[in-house]
Each structure stands twice: as C-alpha cells, then as structure tokens.
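[1] Quick one, what's the 3D model for this:
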Amino acid sequence: MPGVRTEVTEIATALGMLAPSLADAVADRPERLLNVSDRVWDRLIAAHEAGEFCDLFEAAFANGVAFLEADEGLRARAPRLVEWKGPHQPPGDDVIPADIRVDHVFQVSCKYLSKIMLNCGPARIFDRLLVGEERSGANWFHVIAPDDYQAFYDAARSHVGVELPAAVSELTATDRALLKEAMKARRLPTAVQPTWDALCASVATGSAARWASSLKDARTKLRLLWRVLRIGDASYFVLGTDGTSHVRLRVASAWDWTQTFELRSLTVHPRAAGQPEVGWRAQVRVLETGADVDVNGHVEIRWSHGRFQGAPEAKVYLDTGHAEVPGYFPLV
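    Down below sits the predicted model:
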C-alpha cells in the first residue's frame, strides 16, 4: 500500500495534466482522473489542506504541466483520461515502472528523490539476472556465507544473553522478535561489530563472484543493463525531482537504444560499506560521437525489517544522475 507521500507525488503529477492550477484540481476533482478511490482522494485533500508536502505538491503538479506542454509529451493536447496505477502489482515481469498512464499510450514513472531502481530478492538479480518475478525464501546470508552468518549470530546471541537456539537456522518467530528488540539500536554493540564486518565482506565478495559468473556473454550483459536501467520494449517518461531540480526525461526503448549506443563493458565488484554491497559499472559508447560514457550503481543486500528478520532483500541503486544515463533523454 503506497504511503501518503507517494500518493501526493503520483496523483499531483497526474493533476498537472488535467487542471489549470493545483487549487482548481483539489477544489474540483477532475472526472478524467481514473483509479483514484474516494478514500485515497480524501487522504490527498486532507494532506493538502493541512499544508503537508507543500513542495512536493507544487513540484509534482509542475511536472504534470511540463509533460502536458512538451513536444515529446502531450503537445498541449488535453488528455481524455489519466489513469493512476496505485498499489496494483502486476503478476508478470514488469520492466516499465509506470505509475501513470495517459490515453492508454503514454506511460509515466514518478521518481521523487529516489535512486532506487529495483527492490528484489538477491537470487533474482545475482542468479537469474532479473528475469522472472519468482522470489526465493532462502536467506542469502546463509546461502553465500553460512559460517560468517553463524558467527555473527553467535556474537549477537551472546550479547543478548537470553535463551536462543544454537543454530541460526533454528530461529523461531518468537526468537526473532527477541533479537529484534534487543538489537534495535542503529549501531551494533562493539563486541558484535567485527563479526558483522566479516559477514558483509564475505557476502559482498561471494555475491559479486556469483553475479559475474552469470554474466557469460555480451548479449547477457546488455539485457541485464537494460533491466537495471528499466529499459524495455516501449519508450516511457520519468517525471520527478532529484533534490535540487526537476527531473523530466524520456526513456528510450530497447530499439532506440541499440540505434544510438553500444555497450562496451559491464563489470561488478564487491564494495566496502555498512551493509553488504556489490557495485556495477557499465561503459557505453555513443555511436554518433564515439565518446564513452560510464554508468555506475550498486546493489545493497540488507534486511528490511531488522536484523535476523526474514530473508534479506537486494536494493538496486543508480549512482549516476538520471539525466546522465545513456538512453535517458531530457524532455524538452
């Protein structure tokens, strides 16, 4: 379920395509805005009236207006309908991260202060290269570095000082709740930190090696890069902010990309950080000029709900600015 902040950024972007001003939009809900329930709309209006997210409301509405007026967008043609995707999760392999669809054709992704491209299971990116949506319930820490994972658990169990199973694989829901409460501080105890550092290093190194072994040829590397950058069969648009300015881009389709760019290399490497991380770097050649452009990012492997709480996830980050990515073209 999306939070109010997400609802504001996405729906206010849609309103910018439909109403002459933000004040008009919130005063008279546009009939051409679809898939927004009364409950969500009331929550949006309450946030606006309370003065919450004022900057986001204004920035998102301005992006909608820009898309309405852009030559590669709606060209000042009023849309017949604007659909909000909302919390719906498609069952298929969803490459295009669309939040809004205009007239059944234009797909728009809303990116406000986010560098996260994907949030997936580690096995999905390192083993299956983002093909398919299947998720594994296996704990990646235990899969990649079982000895270091057990050592980290042993140190944590000793620090907590309560009765817990000897093997980390035998933890119950009650045990996990005890660990979460005892280790909820952001900083680990001094006695536990070295075992966590060792686990991070092992998981980063093992994940990078596993990922590299899956990248067997140039075609496989190109398809992975496209999936990481969310480049698919159809072109779409990214509207958002990066903290200092508006982000308004057209994302090329795979067809467009191959006519303009060539992937020269794609490499992965472990990174030292507070969490297990694997960096990735692509070198892309611009065919028209022969210039090479670097695109950098990283994958962070972490628990989303606290230490020892379920299986770790993999968050894929883009470290290069969106506007500098080959295939991401400024929306004029």
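[2] all helices in the stretch 151-300 of the chain, in order from the N-terminus.
    173-182, 193-214, 218-228, 254-260 (DSSP state H, counting those that start in this stretch).
[3] Against which helices or strands is the second one packed?
    This points to helix 193-214. With contacts defined as 3 or more CB pairs under 8 Å, 6 or more residues apart in numbering; DSSP states H and E, the secondary structure elements packing on helix 193-214 are helix 122-126, helix 140-144, helix 146-160, strand 261-271, strand 277-286, strand 292-302. Heads up, the C-betas are built off the backbone N, CA and C, glycines and all.
[4] how about the ones you listed, which one is nearest Arg43?
    strand 292-302 (29.6 Å; CB to CB).
[5] Give me the sheet partners of the closest one and which way each runs.
    For strand 292-302, the pairing partners within the sheet under DSSP bridges are strand 277-286 (antiparallel), strand 313-318 (antiparallel).
[6] where among the helices of the stretch 151-300 of the chain is the average confidence lowest?
    Ranked by mean pLDDT, those end with helix 173-182 in last place, scoring a mean of 89.
[7] elements contacting it?
    Helix 173-182 makes packing contacts with helix 146-160 when contacts are defined by 3+ CB pairs under 8 Å, 6+ apart.
[8] Okay, helices next: where are they in the stretch 1-150 of the chain?
    Counting by DSSP H, counting those that start in this stretch, residue ranges of the helices within the stretch 1-150 of the chain are 4-16, 22-27, 38-49, 54-69, 122-126, 140-144, 146-160.
[9] out of these, nearest to Asp292?
    Using CB to CB as the criterion, the shortest distance between Asp292 and the helices of the stretch 1-150 of the chain is 25.0 Å, found for helix 122-126.
[10] That closest one packs against which elements?
    Judged by 3+ CB pairs under 8 Å, 6+ apart, the packing partners of helix 122-126 are helix 140-144, helix 193-214, strand 292-302, strand 313-318.
[11] Give me the contacts around it.
    Judged by CB atoms under 8 Å, 6 or more residues apart in numbering, the contacts made with helix 122-126 from elsewhere in the structure are 118, 130, 132-136, 138, 140, 143, 207, 210-211, 214, 278, 299, 301, 312-314, 316.
[12] mind redoing it with 6 Å?
    Under the criterion CB atoms under 6 Å, 6 or more residues apart in numbering, residues 136, 140, 207, 210-211, 301, 314 lie in contact with helix 122-126.
[13] same question, stretch 97-106
    For stretch 97-106, with CB under 6 Å, 6+ apart as the criterion, the contacting residues are 10, 14, 79-80, 82-83, 85, 107-110, 230.
[14] Going by neighbour count, which of those residues are buried?
    For the contacts of stretch 97-106, a neighbour count by 16 or more other CB atoms under 10 Å gives the buried set as 10, 14, 79, 82-83, 85, 107-110, 230.
[15] Count residues in the vicinity of Asn139, would you?
    Applying the criterion other CB atoms under 10 Å, we find 18 residues in the vicinity of Asn139.
[16] hmm, back to that, looking at the helices and strands packed on helix 122-126, which is nearest to Val95?
    Proximity of these to Val95 was assessed by CB to CB; the nearest stretch is strand 313-318, lying at 13.2 Å.
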